[in-house]
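Asker: Below: sequence and its predicted model.
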Amino acid sequence: MKTARIFDFEPVRLAQTETAMWQAYYDRRPAKLFGLSVRLLQEQLGFNPAVALYNAYRLTRAAFAFKLGQSRPEYEKALRWLVPFYQTAHRRVKARWNPQEVAESELEWWIIHRHDFQPGQTANLEKALAKLCSLVYHLPEADLVGYARYRAEAMLFTDEDVRARERGETVTPHWNVIRDNLEKSYQALSDRLNQTPPETAPPIKRILAVKLADLGDALLVVPALRALKQAYPAAQLDVLTTETGQKGLAGLPYIDNLIVFDKYLFDYPGQALKPGNLAQAVRFLTGLRREHYDTIIFFHHFSLNFGILKYRAVAGVVGAKRNVGLYNGARLAGFLNVRIEDKGFGGGDLAERDYWRQLVEALTKVAPGQPIVYDSRPEIQIEPLAQGKVENLLAELRGKKPERLLIAIGAGGGGYTIARRWPAVNYARVAQVLIQQKKARVVLLGTPGESSLNEQIRALAGQPDEDDGSIINLAGRTSEKEVAALLAGCDLFVGNDGGLAQLAGVAGIPAVVIFGPTNATAWQPFGTEEGRVKIVQAAMELPCRPCLYRGKTLGSRLGCAARPCLTTITPGQVLETIQGFELSYRKVNSAE
């Protein structure tokens, strides 16, 4: 038997269905109205097909009995059908309402809508709508003003279209506007229903945090995860992430379990629909359902419809009471019942970690927990074995000159896109100057796939081999945790936006991060606010920047061919930024 969802509904989906029902009613299409009623009753009240069919018949008969009426006694003929309907619904949802009273309240707003409703005179209808909703949900009418106002507004547009059609005018119905107002109405009701008093709110016992992303993005959610454990110390906190994300989150004391999923098998519909991948997804989701999570918090922007469908599938299968996330207005994202507004990547001057903090705060409002002292500092747990290996490596790199500056360069930027890469020849020039003027040793970091890029930089800098030792290529020779420890022992990091830049922020060292087509506001590393991390961007005004992660969209992954946002940044700009730091040998060789 399906579960009734009158207290746990999706505002967007419900608004879409009801808009279609209104359209069928005013177009005099009873068969269409009937079919939509059946679907609504199955989805919202959990009726089986036979019960849904019979009660849809009751609603359709009530609607058309009222439509043909001319006086109150004739209108009241609709109660013959409305009362039994509410009696059945009353038994199904185990509600506390009086079916006769609710049916009469329903009919009352129908009558007011017909006889006492026009632009500027909506108060009586709004009051009647609020009263009906109050009877059903046992809430004060004063708390339902928003619900009633938006619903009345939707009716105004419907009536305007009907009157114009009756006058013989050619009209384009306002169905989109009507649907939007109904969505706002149901969202206002949903928000009020989620404001459960603290003394009656069910406790949060099992939380699933979702961050299916690479290392850098995974690090950005760490402060929010720490805050979740502060707020709900007795709750189990599991994190669903990728294999790369796991490497950054492993060992953190406030995470109970890391669940790894290969999201890249499902990046595109063609991949997801392969039988093997589908079977894997079903097994995985079945396992998640067995965990009985009561809360899911999605640390993601919902930029693509296919992406929303995937996360919606997770929420639907898991069946958590609370689905927390960013809402950008997409109708498919209506499953989020604890939400904050998504203003876009970097919108409202919000960094990604600011959004994640707001999600935690939104959750604690509807399900209060322990007080939080929010710490925006990210961290990574480094095992003793990795720490010892890196300390030996640092001693080798410094050699007989422990006072020598050790500068790390990250010329790659990760595998998502090469569009973030500042030209290799520019990095080579920066390395040359740092070696000549600062007597520094330069360490080139990166993934195994970026080793050839680093070799190109060495060659351009005039060091075809490592005999000189001034430039060392370590790409692919250290793990993520070892890189974090290594960065903590360096004096400066210079590199592109990406995972290494985020690790430099975690390590607490001075850093110069080059942003080209990506969003500097959204992905600024930790330390930017205090000036320890300095961002370098093209000085010229570029209306196309950022072209990657732009507004509420992913934008252009590869950018444009010219990439003036990167090519117009000169080595001189980067070196001038470096001059702003007081660089000295760092004796701290660990990252928190």
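Answerer: It's in. In this text, all values refer to a predicted model and were calculated from it rather than measured experimentally. Residues are numbered from 1 along each chain as shown.
Asker: can you pull out the strands in the stretch 451-592 of the chain?
Answerer: 471-473, 492-496, 511-514, 533-536, 548-550, 553-555 (DSSP state E, counting those that start in this stretch).
Asker: just the stretch 151-300 of the chain next, same as before
Answerer: Using DSSP E, counting those that start in this stretch, strands in the stretch 151-300 of the chain cover 206-211, 236-241, 257-260, 295-298.
Asker: Grab the nearest non-local neighbour of Glu341.
Answerer: Closest residue to Glu341 apart from its sequence neighbours, by Cβ to Cβ, 6 or more residues apart in numbering: Tyr327 at 6.3 Å. From N, CA and C alone the C-beta is placed, and that goes for glycine too.
Asker: I figured the one you found hits Phe335, correct?
Answerer: No - counting by Cβ atoms under 8 Å, Tyr327 does not reach Phe335; the two are 10.1 Å apart.
Asker: Mind checking which of the two has more residues around it?
Answerer: Between Tyr327 and Phe335, Phe335 has the larger neighbour count (other Cβ atoms under 10 Å), namely 23 against 18.
Asker: list the contacts for the more buried one?
Answerer: Neighbouring residues of Phe335 by Cβ atoms under 8 Å, 6 or more residues apart in numbering: Glu10, Arg312, Ala315, Gly316, Asn323.
Asker: sorry, back to before: and of the strands of the stretch 151-300 of the chain, who's closest to Asn124?
Answerer: In terms of Cβ to Cβ, the element of the strands of the stretch 151-300 of the chain nearest to Asn124 is strand 295-298, at 40.5 Å.
Asker: Just list what that closest one packs against, helices and strands only.
Answerer: strand 206-211, helix 305-318, strand 322-327, helix 352-366 (3 or more Cβ pairs under 8 Å, 6 or more residues apart in numbering; DSSP states H and E).
Asker: Output the below-cut-off pLDDT ranges for the stretch 351-500 of the chain.
Answerer: For the stretch 351-500 of the chain, the stretches with pLDDT under 70 are 464-468.
Asker: Contacts made by stretch 482-489 with the rest, please.
Answerer: Applying Cβ under 8 Å, 6+ apart, the external contacts of stretch 482-489 come out as 380, 382, 386-387, 389-391, 393-394, 406, 408, 443, 445, 474, 478, 493, 500, 503-504, 506-509, 586, 588-591.
Asker: In helices, which of those appear?
Answerer: Judged by DSSP state H, these include Ala386, Gln387, Lys389, Val390, Glu391, Leu393, Leu394, Leu500, Leu503, Ala504, Val506, Ala507 as members of helices.
Asker: Of these, just the buried ones, PyMOL syntax please.
Answerer: Here is the PyMOL command that selects only those of the ones in helices among the contacts of stretch 482-489 that count as buried (16 or more other Cβ atoms under 10 Å):
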select buried, resi 386+387+389+390+393+394+500+503+504+506+507
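Asker: ok, so of the ones in helices among the contacts of stretch 482-489, who is nearest Asp267?
Answerer: Comparing these against Asp267 with Cβ to Cβ places Leu500 closest, at 23.3 Å.
Asker: Skip the chain neighbours and tell me the closest residue to that closest one.
Answerer: Excluding the flanking residues, the one nearest Leu500 by Cβ to Cβ, 6+ apart is Gly410, at 3.6 Å.
Asker: residue contacts, that neighbour?
Answerer: Going by Cβ under 8 Å, 6+ apart, Gly410 touches Leu445, Gly446, Phe493, Val494, Gly495, Asn496, Gly498, Leu500, Ala501, Ala504.
Asker: do Leu228 as well
Answerer: Counting by Cβ under 8 Å, 6+ apart, Leu228 has contacts Ile207, Ala209, Ala235, Leu237, Tyr254, Ile297, Val360, Leu363.
Asker: please redo it, this time with the cut-off set to 7 Å
Answerer: Neighbour list for Leu228: Ile207, Ala209, Leu237, Val360 [criterion: Cβ atoms under 7 Å, 6 or more residues apart in numbering].
Asker: Including neighbour count and distance to Ala281, could these go into JSON lines?
Answerer: Shown next, in JSON lines, are the contacts of Leu228 (neighbours: other Cβ atoms under 10 Å; distance: Cβ to Cβ, whole Å):
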{"residue": "Ile207", "neighbour count": "25", "distance to Ala281": "22"}
{"residue": "Ala209", "neighbour count": "26", "distance to Ala281": "19"}
{"residue": "Leu237", "neighbour count": "22", "distance to Ala281": "23"}
{"residue": "Val360", "neighbour count": "25", "distance to Ala281": "28"}
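Asker: what pLDDT does Ala4 get?
Answerer: For Ala4, the pLDDT comes out at 51.
Asker: what's the answer for Gly270, then?
Answerer: Note for Gly270: predicted pLDDT of 87.
Asker: tally of neighbours for it?
Answerer: 8.
Asker: do you know how far it is from Ser556?
Answerer: Plainly put, Gly270 is 21 Å away from Ser556 if you go by Cβ to Cβ, to the nearest Å.
Asker: Keeping just the C-alphas, turn the one helix or strand Ala31 maps to into PDB.
Answerer: Using DSSP states H and E, Ala31 sits in helix 30-45. Output of helix 30-45 as PDB, limited to C-alpha atoms (Å, rounded to 0.1, in the frame of the first residue of the first chain):
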ATOM      1  CA  PRO A  30     -14.400  15.600 -18.000                       C
ATOM      2  CA  ALA A  31     -12.400  12.500 -19.200                       C
ATOM      3  CA  LYS A  32      -9.200  14.400 -18.900                       C
ATOM      4  CA  LEU A  33     -10.100  15.800 -15.500                       C
ATOM      5  CA  PHE A  34     -11.100  12.300 -14.400                       C
ATOM      6  CA  GLY A  35      -7.800  10.800 -15.400                       C
ATOM      7  CA  LEU A  36      -5.800  13.500 -13.700                       C
ATOM      8  CA  SER A  37      -7.900  13.100 -10.500                       C
ATOM      9  CA  VAL A  38      -7.100   9.300 -10.400                       C
ATOM     10  CA  ARG A  39      -3.400  10.000 -10.700                       C
ATOM     11  CA  LEU A  40      -3.500  12.700  -8.000                       C
ATOM     12  CA  LEU A  41      -5.400  10.400  -5.600                       C
ATOM     13  CA  GLN A  42      -2.900   7.600  -6.100                       C
ATOM     14  CA  GLU A  43       0.100   9.900  -5.600                       C
ATOM     15  CA  GLN A  44      -1.100  12.000  -2.700                       C
ATOM     16  CA  LEU A  45      -3.500   9.800  -0.800                       C
END
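Asker: Can you name every helix or strand that it contacts?
Answerer: Here helix 30-45 touches helix 11-26, helix 49-68, helix 79-93, going by 3 or more Cβ pairs under 7 Å, 6 or more residues apart in numbering; DSSP states H and E.
Asker: Pro11 and Tyr327, how far apart?
Answerer: To Tyr327, Pro11 is 10 Å away according to Cβ to Cβ.
Asker: Apologies, that question was intended for Leu385.
Answerer: 43 Å.
Asker: cool, and Ile380?
Answerer: Relative to Tyr327, Ile380 is positioned 30 Å away (criterion: Cβ to Cβ).
Asker: try His115
Answerer: Plainly put, His115 is 38 Å away from Tyr327 if you go by Cβ to Cβ.
Asker: Phi and psi next, for the residue nearest to Leu500.
Answerer: phi -120, psi 90 (degrees, to the nearest 10).
Asker: Kindly report the same for the one 10 residues further on.
Answerer: Dihedral pair for Arg420: phi -80, psi -10, per degrees, to the nearest 10.
Asker: Next, count neighbours for it.
Answerer: Taking other Cβ under 10 Å as the neighbour definition, Arg420 ends up with a count of 24.
Asker: what's the answer for Arg322, then?
Answerer: Residues near Arg322, counting by other Cβ under 10 Å, number 22.
Asker: now swap in Ala31 and tell me
Answerer: Ala31 has 9 nearby residues by other Cβ under 10 Å.
Asker: The one 5 residues further on now?
Answerer: Leu36: 22 surrounding residues under other Cβ under 10 Å.
Asker: What of Pro49?
Answerer: If you count neighbours by other Cβ under 10 Å, Pro49 ends up with 10.
Asker: What distance do you get for it to Leu82?
Answerer: Look at Pro49 and Leu82: by Cβ to Cβ, they are 22 Å apart.
Asker: which of the residues in stretch 355-372 are buried?
Answerer: 355-357, 359-360, 362-364, 366-369, 372.
Asker: Right, I'll call it a day here.
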